[in-house]
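> got a sequence here, can you model it:
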Amino acid sequence: AGATIFLRCTQPHVHIGVREMAGPAGWKAGEGEMLLRDYVAMSLYQEEVGYFTGRDVVGSVSGKGSNQGLDFSEILGQREYKEVLDRMYREGGESWLTPSEIFHPWYARAVARYVLEGMEKNGQSKLIVMEIGPGNGTFALGFLDYVREVNSQVYESMEYEMVEISASLAQTQRERVCGQHACAKVTNCDASNRIRDQAEEVEGFHVLMGMEVLDNMPHDKVVVKGGKLYEAWAVDAGNGVWREELRMLSDPQLRRALSLWGLESEIGIETESVVPHPSRVGSMDRLRRILGVGQDTAYVPTVATGLLEGIARRRKCHVIFADFDHLPDGLGGLNGPVVQSKRRGTNTVHRGIFSAPLGTADIFFPTDFERLGRVWTYLTGEQATTIKHSTFCSRFGEVERTRCLLGFNPLLEDYGNFSMLLGDAGNCCPTQNH
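Here you go, the predicted structure:
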């Protein structure tokens with residue numbers, strides 16, 4: 001059977017057309033305008049009203065007080081597996097499920113095995129892990145339980161830091177993970193700030209992980225129009241209405257990100273300090289080669305670019321990122337996001353970033369893993385492997401534990417639109433498959 005392409009939900013959904021919606025209570029209408037990335041950041045993360053900070057949207061298969069996930073050996077096959085997930089989504093209110101939750105603890109154990117093999121090949125004895133965006137802490141539990149089980153010596157000296165922007169999720173992580181693992185701690189802040197402000201590193205095998213984190217990092221939007229390049233702004237027009245406004249490209253962070261993620265010689269990247277001026281990328285043909293054939297709109301991972309640059313400047317570490325490489329139902333344009341909300345078990349896919357009230361919908365973007373790997377190599381000088389999730393799990397996973405009675409294996413056969421970026425962890429990466 002072919003791999004299933006997932007969003008965060010398998011439930012049937014309804015589509016809502018593009019329309020402008022009201023902002024949150026307390027917002028002073030008509031007083032705000034910001035780049036699209038700042039609007040997305042506010043909608044997802046602003047204290048109390050943000051999607052991830054104002055409601056409980058991260059679901060758990062095992063329950064937040066348990067370490068046990070699905071028992072795949074009790075599931076007949078693909079049909080029953082889908083029925084089990086559908087039932088959990090219907091009963092889950094507003095919450096979503098991620099691979100870290102659905103495949104707990106086996107997904108985290110596969111990553112932990114990969115890390116330990118890389119650590120051994122590097123001849124290191126101390127393991128220092130930073131996980132950004134740990135959600136309910138489920139992945140951390142699986143990872144730490146595995147290390148404790150297979151290498152108690154490494155476990156006794158290791159450090160595991162969870163960096164979480166949501167105060168409520170940070171508290172959940174403290175309760176679930178830190179209570180069971182003395183080596184774990186939680187830092188409640190933005191990941192970019194944590195990396196920027198980090199003190200001098202201690203010696204050891206440093207690993208930075210982001211499991212389904214890149215997709216929720218705010219993006220900018222650029223549009224080619226009349227042979228010129230524009231950036232998208234969100235404008236509060238008053239009366240609770242937000243609208244998009246295009247302005248000539250001028251933001252230096254956006255221009256830097258567009259430059260790095262293009263990585264074509266025609267936009268003039270020669271050293272890290274070279275950022276293309278709009279006049280150098282104003283050609284319609286040239287920009288379409290950067291954005292993709294036939295595209296005149298692209299969503300640019302400006303915030304992720306800043307995170308990668310921060311890692312490259314401050315840390316000597318091995319990176320592991322896992323996320324969606326493609327999203328059905330995405331908005332038009334290269335790397336178009338999915339905007340969706342969930343209420344009483346029913347998923348709604350909105351047809352625009354402004355078509356859901358501010359702070360009420362998930363906004364998540366696909367990641368171009370091939371370009372992500374090139375950006376990482378450009379910034380660090382280190383090689384990276386981009387690989388499909390199924391290939392990685394085939395190599396490092398305990399796949400017999402996720403096999404259903406009739407042979408269907410969700411860990412390998414679902415989430416066909418999921419990929420991973422692996423920094424050079426002791427040359428133990430599987431064969432590149434992307």
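> quick check: longest helix of this protein.
Ranked by number of residues, the top helix in the chain under DSSP state H is helix 106-121.
> mind saving the C-alpha coords of that one as PDB?
Backbone C-alpha positions of helix 106-121 (Å, rounded to 0.1, in the frame of the first residue of the first chain) are rendered in PDB as follows:
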ATOM      1  CA  TRP A 106       8.700   3.800  19.300                       C
ATOM      2  CA  TYR A 107       9.400   7.000  17.200                       C
ATOM      3  CA  ALA A 108      11.400   8.600  20.000                       C
ATOM      4  CA  ARG A 109      13.300   5.400  20.700                       C
ATOM      5  CA  ALA A 110      14.400   5.200  17.000                       C
ATOM      6  CA  VAL A 111      15.800   8.800  17.200                       C
ATOM      7  CA  ALA A 112      17.500   8.000  20.500                       C
ATOM      8  CA  ARG A 113      19.100   4.900  19.000                       C
ATOM      9  CA  TYR A 114      20.400   7.100  16.100                       C
ATOM     10  CA  VAL A 115      21.800   9.600  18.500                       C
ATOM     11  CA  LEU A 116      23.600   7.000  20.700                       C
ATOM     12  CA  GLU A 117      25.100   5.400  17.600                       C
ATOM     13  CA  GLY A 118      26.400   8.800  16.500                       C
ATOM     14  CA  MET A 119      27.700   9.600  19.900                       C
ATOM     15  CA  GLU A 120      29.700   6.300  20.000                       C
ATOM     16  CA  LYS A 121      31.200   6.900  16.600                       C
END
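> where do the helices sit along this structure?
So, for the chain - with DSSP H - the helices run 36-45, 78-91, 99-102, 106-121, 138-150, 152-157, 167-173, 191-196, 252-262, 284-291, 302-314, 369-380, 389-396, 410-413.
> which of those helices is buried the deepest?
Among these, ranked by average contacts under mean count of other C-beta atoms under 10 Å, first place goes to helix 99-102 (a mean of 24). Glycine gets a C-beta too; all of them are placed from N, C-alpha and C.
> each with direction, which strands does the longest strand seen in the chain pair with?
When the chain is scanned for its longest strand (criterion: DSSP state E), the result is strand 228-238. Strand pairing for strand 228-238, using DSSP bridges, gives strand 33-35 (antiparallel), strand 220-225 (antiparallel), strand 241-248 (antiparallel).
> select, out of those, the one closest to A384.
A384 sits nearest to strand 220-225 of all the strands paired with strand 228-238, at 23.5 Å, using C-beta to C-beta.
> redo the strands paired with strand 228-238 as a markdown table? Include mean neighbour count and mean pLDDT.
Shown next, in a markdown table, are the strands paired with strand 228-238 (neighbours: other C-beta atoms under 10 Å; pLDDT from 0 to 100):
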| stretch | mean neighbour count | mean pLDDT |
| --- | --- | --- |
| strand 33-35 | 17 | 93 |
| strand 220-225 | 22 | 89 |
| strand 241-248 | 15 | 91 |
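> of all those strands, which one is nearest I320?
With C-beta to C-beta, the closest approach to I320 among the strands paired with strand 228-238 belongs to strand 220-225: 25.3 Å.
> tilt between the closest one and helix 252-262?
When axes from the mean of the first three to the mean of the last three C-alpha atoms, to 10 degrees is applied, the directions of strand 220-225 and helix 252-262 differ by 80 degrees.
> got the CA positions of strand 220-225 in CSV?
Provided in CSV are the C-alpha atoms of strand 220-225 (Å, rounded to 0.1, in the frame of the first residue of the first chain):
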residue,chain,number,x,y,z
ASP,A,220,6.8,35.8,5.4
LYS,A,221,5.1,36.0,2.0
VAL,A,222,6.6,37.5,-1.2
VAL,A,223,4.8,38.1,-4.5
VAL,A,224,6.1,38.8,-7.9
LYS,A,225,3.9,41.4,-9.6
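> what does it contact?
Applying C-beta atoms under 8 Å, 6 or more residues apart in numbering, the contact partners of strand 220-225 are 35-37, 229-232, 246, 249, 251, 254, 257-258, 284, 287-288, 291, 296-300, 302, 333.
> V300 and M34, how far apart?
Per C-beta to C-beta, to the nearest Å, V300 is found 16 Å from M34.
> sketch out the low-pLDDT regions of the stretch 251-400 of the chain for me.
The stretch 251-400 of the chain contains residues with pLDDT under 70 at 263-295, 314-315, 344-345.
> over to the stretch 51-200 of the chain?
Within the stretch 51-200 of the chain, the stretches with pLDDT under 70 are 54-68, 92-95, 199-200.
> run the last query once more with 50
64-65 (pLDDT under 50).
> so for M158, what's the nearest residue that isn't a sequence neighbour?
Leaving aside its sequence neighbours, M158 sits nearest to L127 (C-beta to C-beta, 6 or more residues apart in numbering; 4.1 Å).
> ok, the one you found - contacts?
Contacts of L127 (C-beta under 8 Å, 6+ apart): 115-116, 119, 147, 154, 157-159, 204-205, 207.
> what bridges to it?
Counting by DSSP bridges, L127 forms beta bridges with F205.
> next, the angle from the longest strand of the chain to helix 36-45.
50 degrees.
> can you give me the buried ones in strand 228-238?
Within strand 228-238, the residues scored as buried using 16 or more other C-beta atoms under 10 Å are 229-234, 236.
> just put those in JSON lines and tack on pLDDT and distance to S394.
Shown next, in JSON lines, are the buried residues of strand 228-238 (pLDDT from 0 to 100; distance: C-beta to C-beta, whole Å):
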{"residue": "L229", "pLDDT": "86", "distance to S394": "42"}
{"residue": "Y230", "pLDDT": "90", "distance to S394": "44"}
{"residue": "E231", "pLDDT": "94", "distance to S394": "42"}
{"residue": "A232", "pLDDT": "95", "distance to S394": "40"}
{"residue": "W233", "pLDDT": "96", "distance to S394": "45"}
{"residue": "A234", "pLDDT": "95", "distance to S394": "43"}
{"residue": "D236", "pLDDT": "89", "distance to S394": "49"}
